[in-house]
Every structure is written in C-alpha cells, then in structure tokens.
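A.B. asks: need a structure here:
(2 chains)
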Amino acid sequence: MDPVSESVRHLDLAEVPLRSVNALLHGREVDDLPALAPGEDVVLTHPQGAHAVAVGLDSPRQVRIEGHVGYYAAGMNQRADVVIDGNAGVGVAENMMSGSVTVLGNASQAAGATAHGGLLVVHGDAAARCGISMKGVDIVVGGSIGHMSAFMAQAGRLVVRGDAGDALGDSIYEARLYVRGEVASLGADCVAKQMRPEHHEELAALLKAAGYEDDDTAAYTRYGSARELYHFDVDNAY
Amino acid sequence: MDAHDLAQRGLRPSATYDAATIHDIQRAAATGVYDIRGGGAKRAVPHFDDLLFLGASMSRYPLEGYRERCGTDVVLGARHARYPLLLDIPVTIAGMSFGALSGRAKEALGRGASEAGTSTTTGDGGMTPEERGQSKHLVYQYLPSRYGMNPDDLRQADAIEIVLGQGAKPGGGGMLLGQKISERVAGMRTLPQGIDQRSACRHPDWTGPDDLTIKIAELREITDHEKPIFVKVGASRPSYDVKLAVHAGADVVVVDGMQGGTAATQDVFIENVGIPTLAAVPQAVQALRELGVHRSGADAVQLIVSGGIRTGADVAKAMALGADAVSIGTAALIALGDNDPRWSAEYEAVGSAAGYYDDYQDGRDPAGISTQDDELAARLDPVAGGRRLANYLRVLTMEAQTIARACGKAHVQHLEPEDLVALTVESAAMARVPLAGTSWVPGSAGSPGAGYGG
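C.D. replies: Sure, this is the predicted structure:
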C-alpha cells in the first residue's frame, strides 16, 4: 500500500471494540466516534488475532492492520485496499468482490475462498484450500500453498511462486493456475497446460501487480481443467 | 390387467422385487448410470398422518370455530438480530434456487408469500431482482457453493440462512444438470453454460461447529447485526446438530426431514439417507429445551420444520410437537401448478404422468416451473401462480387455526404434545406421544401421559 493519505484515522482494537471498528468502516457513526470521511484511510492497531476484522467494507479507502488477524479478515471486501502487516487466519478475503487485500506474512486455510474479484496477495505461504471455489479473484502467493488448493475453482487466476500441495485444482472449472515450483499432485480433472503468449502476458501482469515483476514467467507451469467432469456419466460418478 | 386379475392367474408379486424395483434394475442394466430425480423420499415412513389431535372435551374448553381469535403470527430471530422477521403466518417458503426453478416461478413464490404475509427463501444460485422485488420477507441462503453470493444481496436480505444440508440428501451437495444451465443461470453462478453443475457438499471456509461460530459472527459483522441468522440442517442427527447450531449462535434452526424435496439428486440418496420429519422434530425440540431456548422469551431460538408439510393438520401437528413455524417446498410448487392434470398429455410425452412428475432435473417441466426454457417458463403466470400460492397458504393457516381452536388454543403456537396421540407404535415412539387409547409412549420411562419428559 502506498503511504496513507493525509487523512488517517487510527483505531486501537485494544481499546475500541471490533463491532465499533467495523461499524465505522461501514460508514456509520459510533457513539462518540465521528463517521469516517469519504476516502479517509484507517490504521488498525493491536488486532491480536481477532476474527472478522475489517469485514464487509464497501468504500474506496486504504485500511492497514498492524498485527496478526484471525478468521475472515477483510471478508467480502468491496473497493477497499487492505494491508495486513502480519499473519492472517482462516478465510482471509473470503468472497472478496473488488479492491485488494495484501498479507505481508502467511495466510491460513481457505485464503480467498469463493472470492469473485479483486486481488489477494499473500507474501508468505498460504495453507490448505487456498483459492477454494474462487469465482474470479486474482490470487498471488509469494511462497507455497497447501493441499486442496483451487478446489472447484470456477474463475480467476491463482499464481504460486513456490510449491503446491496435494490435489491442486481438484474438480476445477475455468480458473487458471500458475505454479513455479513443484506440485505434489493434481486433483481430479486438473491438468498441466501449455503456456501460450497470452498466458505469459497475463502472468506477468499478475506478478507485477503483486510486486514480483522480476520473475521469469517461463519458470511457471499453467494448470487448468481438462473439462472431462463437465458432464456426468458412469465413469465420473465417484 | 389389475392386481386382482393377476392374482386370479396365480401371479403373486414379490414384496422384495416389486415392479418398481424390477424396473430400476432393468434401467440400471440398460443405461449404466444411476437415477437422478427431483422430489423427496417416496417410501412410506411414519409421518404426521399417523398422529391425531384429541380435541377439547369435558376437561378441555374449545374456542368458537370462526369468531374467536386464534393467532398465527410468529417472530423469528429476535435473539440477536436488530430486525427479526415478523411473519403473519407460521408457514414459510423453503429455499429453492433460481436455476432449479424459472425466474417466473421464483417471482410467483415471492408474490404468494408476500400476499400471505410470510417469507420466501432464495436457493443455491443467488438472489434475482424479480424475487427480491416481489418478496416482502426474503431469506438469503448461504450455501457451500456460494454461487452468486455477494455482500450487496446479503445486506438487502431480511434474514440469512446458513445451509448445512437438506432433508433429501443430508451430507450431499447439489447438482444442476446442463440443460438448465442457461446463459443467465451460468452467469449468476460463474460457470460455463450447459455443463452439469455440482455444488459442494461442505462449506469452503469452515469445517466444524467452532468455525461456524466464527462464521456467524462474521456475517453479523458484515450486516451490522441487523439480520436473523438461520442454520438449516438435513435431519440425520438433529439432537446434536440443533445443539451445535444454537451454540454457534443461530437465531433460528431449520430441520428438514427426508420427505423434503430436491431439484436433482440420486434416487438412492433421497430414499436411503436421513430420517423422517416426524422423528426429527421431537429430537430437535428436546435439544432446544435442554439448552433452555425453546419458546423461552427474548433469548429463544425458533425451530422451523420442513419435509412433507401438505395440510393445515401437518402444520398444526408440527407446531404441537414444538416447531415455531414450518416450511413448504414441494407443496408450494404444486400450488403454483406443478403436476397439474391440464398438462397430462405432455407429462405422458416426457415419460411421466400428472401427479407423478419428478424430473425437475430435466428442465422440460410441462408446467413451466422447474425449467429454464423460455417457452415452457412462459406457461406460468407469476401473478396467477402467486395468487394460487397465497390461497393455499391461507387454507393451511385456516386449517391449522381450526384444529387449534378445537383444542382450545388462542394461538397456533399454544398447541402442545399433550394434544396429540399416535396411531402406530412407530409414530408414537418417534413423536413421543401416547399410542391412541393408551398412556403408552414407547421408549419412555413408562409414566402415563405425553411429552418429552415422560
């Protein structure tokens, strides 16, 4: 995130209840705290692993969370740019629609689950089920991802600079996966695919957006759907 | 040739290999695929038909059948939500997806429910503008697939229903076959058009009751604690599931028995997984009672029961057993015009018959309800369909009131197990009410009388 703008609201989660913080971020007035001005950026301190921090945002502002967060941080984000200066628990940026979420540390399971849009960047590792049921989001993981990632991934792009765990892309639909390292195993109906020029171009843009523009796209392998499970028959009825 | 003629010829049908079973084996051998169909369990299971009301007598004082007030309103989700659902009648419309049903059918459900003062529910495929627009009270389902899930719709919903399962297929995900994945349906679900779509059977970002607690808290935060949160389970282990849902923070628990319908599931799944609605209700009620949240005032968790609710008697019996409201799906579709004899010739043409049609997965519904074919869908007038549904909902309500008054109750929610007896040992054991003419509640400690503590 760029340096925050001149107008920055500092909120200490050790003092202000999470409910009040989220209500403020939703544009509401809370007790004696004035509502945020349009575009007013926010710095949240002392999250101490709290769940549901900065969820349901729906305005273009920058939110910086200084510390580790629990489950579902920045869930269902719309338009806001959220930076988590720490690790994130389960389901960071789940069902994000737009905007961006950046995790400077590691992310737990189900990062970016079911997200429809926006950009999720995890600079560390992401655990199991990263990008599960993703529906259009772009996810870039600086490190490695765990098993069952991109399960039933429908749309969007997942970039992994490290390795991927077992069953990558199981039952995948139309999402595109780019992995630089080793893939422990591919899930049902997920196959390696040729990197055509448009894929190099797409991957380069994603890496650049995440701050990894120096990566060689030729080092990556593309994975996607073999489209053999798209219609039921006795052979895939397991 | 009827059964009598066959018997006269000495031809005796096998109870094990009856005609339908023989047909199933022959069909499986011919096609190599399993049967997928809509609807709920067809097998005979103990049901509300096996219960009777005692009615008032010397020791009970009835209300006058028409004039005396018998309330039907219900409040759902007042435990935590700023805006609980206030319904005029205790019969709601269950979740059925746009995709499984046409847009016009969803609109008709909204119209009918709104006219009758009750809620309708989205389904596995997101919220359509016509459904939102025509539904005074709309419950937005939060399903494992999260198809079409977005925070804008979440905020404009009147309640949120987290779906863990449904009675037709506890433990199973959904499916919507390619013939119904139209351009619009595909767009709403972010899927390629025309594929056979699978819906996940478990949620992608939580895996157990502890996680569900955190998920519910997240949904409350996103919606600023305004909406009631329902948790829906398919009836399998309702005692545990209800307790866990309440502990996780549910304001309302929905328990769907095995007679509850589906748009498309394997026949073997529908018929062999889950327990009857009748067996589930007392377990769910007992769970709420043990937690002190059954009809307990401001902190109460409401119970909605679904799966085979057809008449006002079913409504009254479910409520007498402890449900706060019921949900209907299959019956609502019939009210709209599903299986109407006017389409008999066309039901025959697709290999079925009026009254038997259950190929909701197929997309060729002659009544234009379970289809995405524009020409077929145009057969259902959403205004007329909504009116039929509202009529039906009114009849269900009046029937339930009739029974409640006969039992001396000034509100349908005042019905109680003491008002009921059972016709069979099985139903007595499941419903935990006495076998008619006795004080015997099979499985109880032997004390006379009805009720869950017996």
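
A.B. asks: spatially central, which residue of chain B would that be?
C.D. replies: Taking Cα atoms, centre = their mean, the centroid of chain B lies closest to residue B:306, which sits 3.2 Å from it.

A.B. asks: so who does that one touch?
C.D. replies: If you count contacts by Cβ atoms under 8 Å, 6 or more residues apart in numbering or on different chains, residue B:306 has them with B:94, B:167, B:254-257, B:260, B:277, B:326-329. (C-beta placed from N, C-alpha, C; glycine too.)

A.B. asks: look up which residues are beta-bridged to it.
C.D. replies: Beta-bridge partners for residue B:306, by DSSP bridges, are residue B:256, residue B:327.

A.B. asks: against residue B:277, how distant is it?
C.D. replies: 7 Å (Cβ to Cβ, to the nearest Å).

A.B. asks: what is in contact with these two at once?
C.D. replies: B:167, B:255-257, B:260.

A.B. asks: hang on, the earlier thing: so how far is chain A from the residue nearest to the centre of chain B?
C.D. replies: To chain A, residue B:306 is 26 Å away according to Cβ to the nearest Cβ, to the nearest Å.

A.B. asks: what score does that residue have for pLDDT?
C.D. replies: If you check residue B:306, the pLDDT there is 98.

A.B. asks: do the same with residue B:182
C.D. replies: Residue B:182 is assigned 89 on the pLDDT scale.

A.B. asks: what does the one 4 residues further on give?
C.D. replies: The model reports residue B:186 with a pLDDT of 90.

A.B. asks: how deep is it tucked in, by neighbour count?
C.D. replies: By the criterion of other Cβ atoms under 10 Å in any protein chain shown, residue B:186 has 20 neighbours.

A.B. asks: contacts only, for it.
C.D. replies: B:192-194.

A.B. asks: distance of it relative to residue B:161?
C.D. replies: In terms of Cβ to Cβ, residue B:186 sits 24 Å off from residue B:161.

A.B. asks: for stretch B:334-341, measure first residue to last.
C.D. replies: Taking Cα to Cα, to the nearest Å, stretch B:334-341 runs 11 Å from one end to the other.

A.B. asks: next, the buried residues of it.
C.D. replies: Residues of stretch B:334-341 classed as buried: B:334-340 (neighbour count, 16 or more other Cβ atoms under 10 Å in any protein chain shown).

A.B. asks: sorry, back to before: ok, of the contacts of residue B:186, which one's closest to chain A?
C.D. replies: residue B:192 (6.2 Å; Cβ to the nearest Cβ).

A.B. asks: list the contacts of the closest one.
C.D. replies: Contacts for residue B:192 were tallied using Cβ under 8 Å, 6+ apart; they are A:173-174, A:230, B:181, B:186.

A.B. asks: identify the farthest-apart pair in those.
C.D. replies: The span of those, defined through Cβ to Cβ, is set by A:174 and B:181 at 13.2 Å.

A.B. asks: out of the contacts of residue B:192, who has the most neighbours?
C.D. replies: residue A:173 (26 neighbours).

A.B. asks: which of the residues in the longest helix seen in chain A are buried?
C.D. replies: Counting residues, the longest helix found in chain A (DSSP state H) is helix A:197-210. Buried residues in helix A:197-210, counted by 16+ other Cβ under 10 Å: A:199-200, A:202-204, A:206-207, A:210.

A.B. asks: next one: stretch A:117-129
C.D. replies: A:117-129.

A.B. asks: out of these, which touch chain B?
C.D. replies: For chain B, the contacts drawn from the buried residues of stretch A:117-129 by Cβ under 8 Å from any Cβ of the partner chain are residue A:129.

A.B. asks: find the closest residue to chain A in the stretch 151-300 of chain B.
C.D. replies: Counting by Cβ to the nearest Cβ, the stretch 151-300 of chain B gets nearest chain A through residue B:222, at 3.3 Å.

A.B. asks: pLDDT score for that residue?
C.D. replies: pLDDT, residue B:222: 98.

A.B. asks: which residues touch it?
C.D. replies: A:52, A:55-56, A:75-76, B:151, B:154-155.

A.B. asks: what of residue B:314?
C.D. replies: By Cβ under 8 Å, 6+ apart, the contact set of residue B:314 is B:48, B:308, B:326.

A.B. asks: sec struct for it, please.
C.D. replies: Of the three states, residue B:314 takes helix according to DSSP: H, G, I helix; E, B strand; the rest coil.

A.B. asks: now the stretch 301-450 of chain B against chain A: closest residue?
C.D. replies: Closest point on the stretch 301-450 of chain B to chain A, by Cβ to the nearest Cβ, is residue B:361, at 10.3 Å.

A.B. asks: buried set for stretch B:281-292?
C.D. replies: B:281-288.

A.B. asks: pLDDT on that stretch, on average?
C.D. replies: Averaging pLDDT along stretch B:281-292 gives 98.

A.B. asks: show me which pair in the shared contacts of residue B:306 and residue B:277 is furthest apart.
C.D. replies: B:255 and B:260 (9.5 Å).
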